[in-house]
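Asker: got a structure for you, letters missing:
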């Protein structure tokens, strides 16, 4: 029994000592991974020389760390934004492919950081060793490149390395865009050395054609119009929001139907369809989308730029005119409104009929339809005692609304104007004038003229009469 106990004890003790030895070896190994080593960077890089690294550090982490520190040092002395951008753009042009990694034992490895960052292939991101040398090649980022576009996820240009194939280019462009069907062919354009001759080669993608420096690749595809076409309907419809449409055959009648139709409060006479045909519409549409989507990042700088463009447009229009100053002022006003009001002219009261051109109007992707709430009000202003809104009553004349606004002021003109809410046309009020909801009633002011005004006018008339009399006298004398 004692012998058995002794044997068990010895085995148990041996196991404990073995585990302890393994733990010690593991600790020593882990510590060695954090021991500093020296790595040298050479070639065409933002900074060269010998730097401290660790055995646990991979090449990409080390390069990123050194680059970031050097970049911060270079930018620290700059205070102009444009200069900082130029410097940053220049120093980021270091080669990320065809990098040479030399070990102390003479072994060399070619590193492709661009491929590693796209694929995660660790063969292009090895652990560093003591006395490693990393050499970056120089390359011409205008000529030593290959460019790829077409049916890829991310059209791009990249540094060419001898041995590159079509599959490499497609990899660097993020792969074939799955939105396109049956993508099988690539078009490769090659220029002669003088740049005047082009050789176009169509190759099957599956053949993985070998590339040459300066190749321009287009992955051919048949255009696919399956996109998320949509219009935004706001205001007095039963289900406001985005409505999905087709590319070019969804009518405005269809869109309103998809939005649930008009509510009883819809003001069709004031409704409008906005399209990005002018900068003001683009700004207005962006503001409406932001409000609908609760986006608070609206850029007011664009508004200021737009206002400047309005005045530039106005000056261009008037620069060579030959009108009187009064006429020029009128044209300036009309032209400003022309620039500001670039909206589609659609009578929404007619879109529910299948026979009208309005109902067949095609809605385009990005259009916004605004249906305001009807306001049964008439606005009275000018020479009245209490300017403001008056509730609309059918068949009532301008006198009714003026009385509701407190009556005429002491200086009121007898000729009252009705400004139509939809067209903003001015109409002289009479017994037959129809007033609609949203109209304006304006009572002009009869401004008393000073004595000097009448004397000046009399002087102008006297001058004209004298001139006419003189002409008549000359004619009469000539006939004698």
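Answerer: Alright, I've got the coordinates. Keep in mind that what you see is a predicted model, and the values were worked out from it rather than measured. Residues are numbered from 1 along each chain as shown.
Asker: contacts, neighbours, all on C-alpha from now
Answerer: Will do.
Asker: Contacts for stretch 96-113 next, please.
Answerer: 60, 114, 123-125, 129-137, 159, 161 (C-alpha atoms under 8 Å, 6 or more residues apart in numbering).
Asker: swap in stretch 226-243?
Answerer: If you take C-alpha under 8 Å, 6+ apart as the criterion, stretch 226-243 is touched by 244-247, 255-256, 258-263, 265-267, 363-373.
Asker: Show me just the buried residues among these.
Answerer: 244-247, 255-256, 258-259, 261-262, 266-267, 363-365, 367-373 (16 or more other C-alpha atoms under 10 Å).
Asker: Which members of those occur in strands, if any?
Answerer: With DSSP state E as the criterion, strands contain 244, 368-371 from among the buried ones among the contacts of stretch 226-243.
Asker: Strands of the stretch 301-450 of the chain, start to end?
Answerer: Assigned strands in the stretch 301-450 of the chain, in chain order: 368-371, 377-382, 388-391, 417-419, 426-428, 440-443 (criterion: DSSP state E, counting those that start in this stretch).
Asker: Name every strand pairing with the fourth one and say which way it goes.
Answerer: Based on DSSP bridges, the strands next to strand 417-419 in the sheet, each with its direction, are strand 426-428 (antiparallel), strand 440-443 (antiparallel).
Asker: what's the spacing between it and its chain's center?
Answerer: Mean C-alpha position of strand 417-419 versus that of the full chain (C-alpha atoms, centre = their mean, to the nearest Å) differs by 41 Å.
Asker: What lies in contact with that strand?
Answerer: 398, 425-429, 435, 439-444.
Asker: Likewise for stretch 420-427?
Answerer: Contacts to stretch 420-427, defined as C-alpha under 8 Å, 6+ apart, come from residues 269-270, 417-419, 435-440.
Asker: just curious, which of the residues you listed is nearest to residue 472?
Answerer: For residue 472, the nearest member of these is residue 417. The distance, counting by C-alpha to C-alpha, is 42.8 Å.
Asker: got JSON lines for the contacts of stretch 420-427, with distance to residue 197 too?
Answerer: JSON lines is the format used below for those (distance: C-alpha to C-alpha, whole Å):
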{"residue": "269", "distance to residue 197": "61"}
{"residue": "270", "distance to residue 197": "60"}
{"residue": "417", "distance to residue 197": "72"}
{"residue": "418", "distance to residue 197": "71"}
{"residue": "419", "distance to residue 197": "67"}
{"residue": "435", "distance to residue 197": "73"}
{"residue": "436", "distance to residue 197": "70"}
{"residue": "437", "distance to residue 197": "70"}
{"residue": "438", "distance to residue 197": "67"}
{"residue": "439", "distance to residue 197": "68"}
{"residue": "440", "distance to residue 197": "69"}
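Asker: For the stretch 351-480 of the chain, give me the ranges with low pLDDT.
Answerer: Per-residue confidence for the stretch 351-480 of the chain (pLDDT under 70) gives these ranges: 422, 447-451, 453-454, 460, 479-480.
Asker: Give me the neighbour count for residue 360.
Answerer: Here the number of neighbours of residue 360 (other C-alpha atoms under 10 Å) works out to 18.
Asker: Name whatever forms a beta bridge with the closest residue to it other than its chain neighbours.
Answerer: The spatial neighbour of residue 360 that comes closest, neighbours along the chain excluded (C-alpha to C-alpha, 6 or more residues apart in numbering), is residue 251 at 5.3 Å. Under the criterion DSSP bridges, residue 251 forms beta bridges with residue 362.
Asker: now residue 440: how far from residue 268?
Answerer: Distance of residue 440 to residue 268, given as C-alpha to C-alpha, to the nearest Å: 18 Å.
Asker: quick one: which of these two has more around it?
Answerer: Neighbour comparison, residue 440 and residue 268: the larger count goes to residue 440, with 23 against 20 (by other C-alpha under 10 Å).
Asker: Look up the residues forming beta bridges with that one.
Answerer: Taking DSSP bridges, one finds residue 379, residue 419 as the beta-bridge partners of residue 440.
Asker: Pull the contacting residues for it.
Answerer: Contact partners of residue 440, counting by C-alpha under 8 Å, 6+ apart, are 378-381, 418-421.
Asker: so can I have TSV of these showing distance to residue 205?
Answerer: Formatted as TSV, the entries for the contacts of residue 440 read as follows, by distance: C-alpha to C-alpha, whole Å:
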residue	distance to residue 205
378	69
379	70
380	73
381	73
418	71
419	68
420	65
421	63
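Asker: And those, which is closest to residue 206?
Answerer: Closest approach to residue 206 among those (C-alpha to C-alpha): residue 421, at 65.6 Å.
Asker: any idea how far residue 398 is from residue 274?
Answerer: Summarising the geometry, the distance separating residue 398 from residue 274, computed by C-alpha to C-alpha, is 33 Å.
Asker: repeat for residue 192
Answerer: 50 Å.
Asker: Name the residue in these two with the higher neighbour count.
Answerer: residue 274 (22 against 10).
Asker: Confirm for me that that one is in contact with residue 368.
Answerer: Yes: applying C-alpha atoms under 8 Å as the test, residue 274 and residue 368 come out as touching, 5.1 Å apart.
Asker: For the helix or strand containing residue 459, could you pull out the residues that count as buried?
Answerer: If you go by DSSP states H and E, residue 459 is part of helix 451-479. Buried residues in helix 451-479, defined by neighbour count with 16+ other C-alpha under 10 Å: none.
Asker: Return the list of helices and strands in contact with it.
Answerer: Here helix 451-479 is seen to pack against no other helix or strand when contacts are counted using 3 or more C-alpha pairs under 8 Å, 6 or more residues apart in numbering; DSSP states H and E.
Asker: The stretch 51-200 of the chain: strands as residue ranges?
Answerer: Across the stretch 51-200 of the chain, reading from the start of the chain, the strands by DSSP E, counting those that start in this stretch fall at 99-102, 108-111, 132-136, 145-150, 156-159, 185-191, 198-204.
Asker: Can you lay out those as CSV showing mean pLDDT and distance to residue 353?
Answerer: What follows is the strands of the stretch 51-200 of the chain, written out as CSV (pLDDT from 0 to 100; distance: least, C-alpha to C-alpha, whole Å):
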stretch, mean pLDDT, distance to residue 353
strand 99-102, 97, 70
strand 108-111, 96, 69
strand 132-136, 96, 71
strand 145-150, 96, 44
strand 156-159, 95, 50
strand 185-191, 96, 49
strand 198-204, 96, 53
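Asker: Looking at the ones you listed, which is nearest to residue 172?
Answerer: Ranking the strands of the stretch 51-200 of the chain by proximity to residue 172 (C-alpha to C-alpha) places strand 156-159 first, at 7.5 Å.
Asker: if we can go back for a sec, just the buried ones among the contacts of stretch 420-427, please.
Answerer: Applying 16+ other C-alpha under 10 Å to the contacts of stretch 420-427, the neighbour count classes 269-270, 417-419, 435-440 as buried.
Asker: Which of these sits closest to residue 76?
Answerer: Of the buried ones among the contacts of stretch 420-427, the one sitting nearest to residue 76 (C-alpha to C-alpha) turns out to be residue 270, at 57.1 Å.
Asker: For that closest one, give me phi and psi.
Answerer: The phi and psi values for residue 270, taken as degrees, to the nearest 10, are phi -100, psi 0.
Asker: right, and it touches residue 369 too?
Answerer: No: the pair residue 270 and residue 369 does not pass the contact test of C-alpha under 8 Å, sitting 11.2 Å apart.
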